[in-house]
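>>> I need the structure of the sequence given here:
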Amino acid sequence: MEFAPLEGVLVVSLEQALAAPFCSSRLADAGARVIKFERKEGDFARNYDTAVLGQSAYFVWLNRGKESIVIDIKNNEDLQLAHNILSKADVFIQNLAPGATARAGLGSEDLRKKYPKLITCDISGYGEEGPYRDMKAYDFLIQCETGLASITGGPDEPSRVGVSICDIAAGMYSVQAICQALLQKKKTGLGTSLKISLFDSLADWMSVPLLLSQYSGKPPKRVGLSHPGIAPYGAYLTGDEKIIVISIQNEREWERLCSKVFEDPDLAVKEEFSNNEKRSQNRRELDKIINNFFQKFKKDIIAQKLKDNDIAFGFLNSIEDFNNHPHLKLNDFESPNGTVKLVKSPIITNDKQKKPKSIPSLNEHGSSIRKEFSL
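Model (predicted):
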């Protein structure tokens, strides 16, 4: 049996950049048919870079398995074609600027009245209400607005997370919401209206630092590769100038690290390191002790000691190291410019996996879609 739980579901996406394309690509991975509406110059993410065989890394990652058609929603004939497709669709996703689809005659409220079975999903920066409603909301801006950047980076300087985490979060919540709406539609026969914002999505992910600030008055500080409340938890230099990261989560692990790896059981009960709170308070002295020990050995020797004694550890890998990681799984996708290797879906099932679909060129399916949904 092939794993395609959304087979037979028709998704239409008027999308650009990242959050909505992330959502629709994951629905396509699950077997849905996704028709991507593009303007005549295409989704602007097509032109972010030319790194992947002359194509944008963002675009090839987020648009596998879709059908592309150029639609001018300001053209009456194209708008009628869009309505013809939507009349047969199960899901409509859009992430244009607030109000843009309504002005073009494709607003979710109107579509829901016209097509009661349609699930609409509007993805925006700050939502459709409130003082920030009309503000532009790119990923970096939301990272700053939600306080994420203030707790990311080293002690001396805030930093953005190195991937588009806000867009990805909103895309993931959109997938979850759409799948829930499809289950509800199966019961009721009716669609629903979904509203997802980048800000709200990241706000949920920021719950722990927010709670710490609200209830203890102590928001977490930037600590780089350390942890604001757990020690030892961080990066340490080995004798051959490599970096190993370790994470001690409880007193059993701390005692084992001291007695088995450091061969110094007295360290575990030393007053200033006798529990996690005290270790956190004396982190600088503790890190110095660990670094002094690690620098006596090469990376592989330290790693073996940690592994033998069931201590959680990892390596601070470069992207080149990650590219050669033994656990990295890739799939081949066909693109207009050749075969592209993309990270395999993290969803593992006993069922046979769907054969990966290709990455579309601009308007690749325009002619066939126009014929299929002709007026």
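>>> Could you break this structure into its assigned domains?
2-206+327-372, 233-315 (automatic domain parsing).
>>> Determine how far the last one lies from the middle of the whole chain.
The gap between where domain 233-315 is centred and where its chain is centred comes out at 31 Å by C-alpha atoms, centre = their mean, to the nearest Å.
>>> Pull up the distance across that domain, start to finish.
13 Å (C-alpha to C-alpha, to the nearest Å).
>>> On the three-state scheme, the residue nearest the centre of the chain is what?
In the chain, the centroid-proximal residue (C-alpha atoms, centre = their mean) is Ile168; its distance is 3.2 Å. At Ile168 the chain is in helix, as set by DSSP: H, G, I helix; E, B strand; the rest coil.
>>> thinking it is in contact with Phe22, fair?
Yes: under the criterion of C-beta atoms under 8 Å, Ile168 makes contact with Phe22 at 6.0 Å. The way it works is simple: take the backbone N, C-alpha and C, and place the C-beta from them, glycine included.
>>> quick one: low-confidence parts of this structure?
The chain contains residues with pLDDT under 70 at 1, 375.
>>> How much space separates the spatially most distant residue from the centre of it from Cys258?
Most distant residue from the mean C-alpha position of the chain: Asp266, 43.7 Å away (C-alpha atoms, centre = their mean). Between Asp266 and Cys258 the computed distance is 8 Å (C-beta to C-beta, to the nearest Å).
>>> Over to Arg46?
55 Å.
>>> go on, Asp139?
42 Å.
>>> swap in Gln55?
52 Å.
>>> same question, Asp72
For Asp72, the distance to Cys258 - C-beta to C-beta - is 68 Å.
>>> Could you do Ser13 as well?
Distance from Ser13 to Cys258, by C-beta to C-beta: 55 Å.
>>> okay, the two: which has more neighbours?
Ser13 (28 against 20; other C-beta atoms under 10 Å).
>>> a strand runs through that one, doesn't it?
Yes: applying three-state DSSP, one finds Ser13 inside a strand.
>>> In this structure it contacts Phe37, no?
Yes: proximity of Ser13 to Phe37 meets the contact threshold set by C-beta under 8 Å, at 6.8 Å.
>>> my hunch is that Thr120 is in a strand, does that hold up?
Yes: looking at Thr120 with three-state DSSP, it is inside a strand.
>>> so it sits right up against Asp110, yeah?
No: in this structure Thr120 lies outside contact range of Asp110 using C-beta under 8 Å: 9.8 Å.
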